[in-house]
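>>> attaching a predicted model along with its sequence, questions to come.
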Amino acid sequence: MKYIYAFLLLVTSTGVFSQVVNDTIKNDSIGKMETELDEIVLEKKKKAIERKADRTIFNFEDQPQLNSGSLYDGLKKIPGLIISDVAGMLYQGKALQVYMDGRPLNIYSNELNAYMEGLPANSIEKVEIITQPGAEFPATSGGAIINIITSKNTKKYLSATYSNGYSYTKYDDSRHRFNNSLLLSSGNKLFTWQVNGGQSYAESYQATRFTAPGVVLSENYTDRANRFYYLKSGVKFDFKKDRLLLNYDLNGNNNTSYIAAEGAGFTSDDKTKTKRFYNDAMITYQKRFNDPFTKLDFRFNYNNSNNDFSQDSRLNQNTVLGNNSNQDFYQFKTDYTQELKLIEKTKISAGVLADRLDFTTESAGVRNLEYTRSSYAAYGEAQVTYKKFDFILGGRLESYDIHGSTATDNLIPFDLTRFFPNATIQYNIMPQVYLNTNFNKKISLPDTSSLNPNNTNYQNPNVGFFGNPNLEPSIFNNYEILLSAFEYFTINYSVTDANNLIINRIITTQSGGAASVSQNLPNATIHNFSFGIPVPYMLFTKGLNEVLKMDFNPDEINFLYIYAGSQKHNIPGVDTKAVWNLNFSSQIILPKKIKLSANFNTTTAGGNYYYYTVKRPLYQQLDLNFSRKFLSDNLSVSVYVNDLLNTNRQGFGSVGTDLLYTTKTDTRRVGFSLNYKIPTKNKLAKESNILSNEKQQQDNLIKN
């Protein structure tokens, strides 16, 4: 046990990326230490990975290997996170609902991928993956949430940060990407404000093949040019203890693709255009009381997403497809939180929510879907600390009313009121070492991309992509057990039982072609096992005893972080196998304070993602990043190479068919990025966060 404790202590001292304090704190000095930490919190270096009981937080702002390139590139390097055209976005086997700055983003599928590829990673502060969403989160999360935080701390003086990046690839021709962004913030006695805006331009290439035995159904070669712009703004007014926050965001895409394709019985040369405009407005009023742990928040949120897709033949000079959609989302919610002096420490939370979503689609000028969904919810939750145990018990009552019509018939109405419980027990073995068990029941409503009956991707005579307006919601029972030691050493096992699971699969059409469709799967069970462990390289040269005697800066050591995760989808009547996801991340400090970050991701082949058989790894690539800080650490510069060995290509089979789908994208890319913070002499400037309305982390009762 002595050596196990010593090893875990070593894990803490290396911290992989973090600043660590190993001092033993006596019980009678805890209050004093907490006060001191509150006073210096702005000087504390952010951890690369911060593990809470219900979430894992990845710091993008200070991690060059994550914030070089696009948000899409950075997310793919997070251990345990899988992003692919067929699997969607999964973390430890759970499909993720995407939030931006604490509120639902409400864009999906191809539109979501285009958004993430357009948003520069150096505009992101951090990414939270919430694997155990409590009752305060809508039950529609399905079981896991990814919350992308773009906001920075606003200072009460004029400050500015400029970021840009450029990358280059050559597949059969040269292709370029670049981005620029600017963050401005300031404040006075009446209010503080912040504006973050930017643009990106990205060229890319993709080759795909759909084959059946002895025949090529479709072989496509696609050249894309994606244009993306965004603006995020926030204003905060302080009224003594209360606050009023106004936020407005907008972003858009103007993307063009040229697709040359051929297959059995056809040859085509098409041009597709996708124009998307998204805007989001939110008003938040935060009522505060004499007791700093008592809070009452009111929030109203509205967002709109409009998408136009067209496909024109360059051979016949005619329009093949002309589809568009419009989505309006309204939400009102209020949350109340109070701490009570019961047992040792108790916090109660309660709130109500009401939202509405209206979604319409058109094809060739004919409206072929009208979809309306209304939700109402009320929740209550209690968090209790007793000795070495932390308990959370909560429940959420939600009611749904879904109705609509297609061009030919009414949709099957869905009317449901259901209670969704959640419970967590955490045993704190020792400081920063805990065992956590969790259960929650969730629901996942079909997203508008899956409902859309129109093709918004690309089609030819042999291949099509279609949604399903009659999809029903999915119900999840999630069970999880987690052992965490000093943030970075983790062992996790979870099981999800799903009913009416919404999936995407490829089927054979009556004409002998292939189609990607959305369906409800009656039953499925998802098993996930994962572990992560950091290994400092000095362990092999100096030995454990010598390392424990050393006093060093964890940010200036060399280490390797190893992550492995297994996901298995059990489907009745289908013989499925697990897929392993492996990640190796290394940091090496070179001369002149140059930091080398190497990241290798791969998955095994031969397993299944629902009805897809993985013939080649979902992804397999080696990324290198060289970074250094200049000008008193105000200027950060990175030079990187993604997919150095050019090994990232995918291949999938489809259960029940003889179809095979393969794809290769120009993922080998060389580039640079920089981030410059204009320095200031005002070291005592007060900071606050106004672009994100997320709750402060100290609101969490559960200990780390």
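Structure received.
>>> how about Tyr612, nearest residue that isn't a chain neighbour?
Phe652 (4.7 Å; Cβ to Cβ, 6 or more residues apart in numbering). C-beta here means a position set from N, CA and C on the backbone, and glycine is covered the same way.
>>> so that neighbour is in which element?
Using DSSP states H and E, Phe652 maps to strand 649-654.
>>> how far away from the center of its chain is that strand?
24 Å (Cα atoms, centre = their mean, to the nearest Å).
>>> how much space separates the residue nearest to Tyr612 from Asn410?
According to Cβ to Cβ, to the nearest Å, Phe652 and Asn410 sit 35 Å apart.
>>> related to what we said a few turns ago, gap between the residue nearest to Tyr612 and Ala207?
For Phe652 relative to Ala207 (Cβ to Cβ), the value is 15 Å.
>>> and if you look at Ala225?
Relative to Ala207, and taking Cβ to Cβ, Ala225 is found at 17 Å.
>>> cool, Asn110 as well?
Relative to Ala207, Asn110 is positioned 18 Å away (Cβ to Cβ).
>>> in a helix, His403, correct?
No - with DSSP: H, G, I helix; E, B strand; the rest coil as the criterion, His403 is assigned strand and is not in a helix.
>>> show me what it is bridged to.
Thr372 (DSSP bridges).
>>> just confirm it contacts Phe359, I think it does.
No - using Cβ atoms under 8 Å, His403 is not in contact with Phe359; the gap is 11.9 Å.
>>> these two: which has the busier surroundings?
Phe359 (22 against 15; other Cβ atoms under 10 Å).
>>> the more buried one - nearest residue in space that isn't next to it in sequence?
Nearest to Phe359 is Tyr371, by Cβ to Cβ, 6+ apart, at 4.3 Å.
>>> what's the weakest-modelled helix or strand in the chain?
Within the chain, no helix or strand scores below helix 30-40, which has a mean of 34 by mean pLDDT, DSSP states H and E.
>>> helix or strand right after that one?
Past helix 30-40, the next helix or strand by DSSP H and E is strand 49-51.
>>> note down every partner strand of that next one and its orientation.
Note on strand 49-51: by DSSP bridges, its sheet partners are strand 55-59 (antiparallel).
>>> buried residues of the helix or strand just after the strand it pairs with, list them for me.
Note on strand 55-59: by DSSP H and E, the next helix or strand toward the C-terminus is helix 64-67. The neighbour-count criterion (16 or more other Cβ atoms under 10 Å) identifies 64-67 as the buried residues of helix 64-67.
>>> now whichever helix or strand comes after helix 64-67: average pLDDT?
As assigned by DSSP H and E, the chain's next helix or strand after helix 64-67 is helix 71-75. Helix 71-75 comes out with an average pLDDT of 92.
>>> can you give me how far the helix or strand just after helix 71-75 is from the chain middle?
On the C-terminal side of helix 71-75, the nearest following helix or strand under DSSP H and E is strand 81-84. Per Cα atoms, centre = their mean, the displacement of strand 81-84 from the mean C-alpha position of its chain is 10 Å.
>>> now stretch 140-153
7 Å.
>>> quick one: mean pLDDT over that stretch.
Stretch 140-153 shows a mean pLDDT of 82.
>>> which strand residues bridge the residue nearest to Tyr285 when sequence neighbours are not counted?
Once flanking residues are discounted, Tyr285 sits nearest to Phe298: 4.7 Å by Cβ to Cβ, 6+ apart. Using DSSP bridges, the bridge partners assigned to Phe298 are Tyr285, Thr334.
>>> contacting residues around Phe298?
By Cβ atoms under 8 Å, 6 or more residues apart in numbering, Phe298 lies in contact with 284-285, 287, 332-334.
>>> now with 10 Å, please.
When contacts are counted by Cβ atoms under 10 Å, 6 or more residues apart in numbering, Phe298 touches 283-287, 332-335.
>>> just those now: which is nearest Arg418?
Lys333 (18.7 Å; Cβ to Cβ).
>>> the closest one: neighbour count?
20.
>>> where exactly do the helices run in the stretch 301-450 of the chain?
For the stretch 301-450 of the chain, the helices defined by DSSP state H, counting those that start in this stretch cover 448-451.
>>> again, but for the stretch 501-650 of the chain
Under DSSP H, counting those that start in this stretch, the stretch 501-650 of the chain gives helices at 538-542, 544-549.
>>> counting neighbours, go ahead and name the busier of Phe652 and Asn410.
Shown here are Phe652 and Asn410; by other Cβ under 10 Å, Phe652 has more neighbours (23 against 10).
>>> who's more crowded, Asn110 and Ala207?
Taking other Cβ under 10 Å, Asn110 and Ala207 do not tie; Asn110 has more neighbours (19 against 16).
>>> just to be sure, that one is in a helix?
Yes - using three-state DSSP, the assignment for Asn110 is a helix.
>>> ok, and the closest non-adjacent residue to it?
Counting by Cβ to Cβ, 6+ apart, Asn110 lies nearest to Asn457, which is 5.8 Å off, once chain neighbours are set aside.
>>> kindly report the same for Val216.
For Val216, ignoring the flanking residues on the chain, the nearest one in space by Cβ to Cβ, 6+ apart is Gly263 at 5.4 Å.
>>> the one you found against Val463, yeah?
Yes - look at Gly263 against Val463 with Cβ atoms under 10 Å: they come within range, at 7.8 Å.
>>> now the host helix or strand of Thr272: buried residues?
Thr272 belongs to strand 266-288 when assigned by DSSP H and E. By 16+ other Cβ under 10 Å, the buried positions in strand 266-288 come out as 268, 270, 272, 274-276, 278, 280, 282, 284-286.
>>> just stretch 455-474 next, same as before
455-460, 462-474.
>>> for the residue lying closest to Thr448 once chain neighbours are set aside, give me its contacts.
Spatially, and ignoring its direct neighbours in sequence, Thr448 is nearest to Phe359 (4.8 Å; Cβ to Cβ, 6+ apart). In this structure, Phe359 makes contact with 106, 305, 325-329, 369-373, 404, 447-448, 451-452, 469, judged by Cβ under 10 Å, 6+ apart.
>>> please repeat the previous calculation with a cut-off of 6 Å.
327, 371, 448 (Cβ atoms under 6 Å, 6 or more residues apart in numbering).
>>> got it, and Arg288?
With Cβ under 6 Å, 6+ apart, Arg288 has these contacts: 241-242.
>>> give me the pLDDT for Asp415.
We have a pLDDT of 94 for Asp415.
>>> against Asp358, how distant is it?
For Asp415 relative to Asp358 (Cβ to Cβ), the value is 18 Å.
>>> which one of the two is surrounded by more residues?
Taking other Cβ under 10 Å, Asp415 and Asp358 do not tie; Asp358 has more neighbours (16 against 9).
>>> which ones are touching the more buried one?
Here Asp358 is in contact with 328, 372 (Cβ under 6 Å, 6+ apart).
>>> beta partners for it?
Assigned bridge partners for Asp358, using DSSP bridges, are Asp328, Thr372.
>>> would you mind measuring from it to Asn307?
Distance of Asp358 to Asn307, computed by Cβ to Cβ: 14 Å.
>>> quick one: the strands in the stretch 51-200 of the chain, in order.
55-59, 81-84, 88-91, 94-95, 97-100, 103-104, 126-130, 145-149, 153-155, 159-170, 174-187, 191-212 (DSSP state E, counting those that start in this stretch).
>>> and the first one, how far from the chain's centre?
When C-alpha coordinates are averaged (Cα atoms, centre = their mean), strand 55-59 and its chain have centres 10 Å apart.
>>> what does the fifth one give?
Using Cα atoms, centre = their mean, we find the averaged C-alpha position of strand 97-100 to lie 7 Å away from the chain's own average C-alpha position.
>>> partners of it in the sheet?
strand 103-104 (antiparallel), strand 145-149 (parallel).
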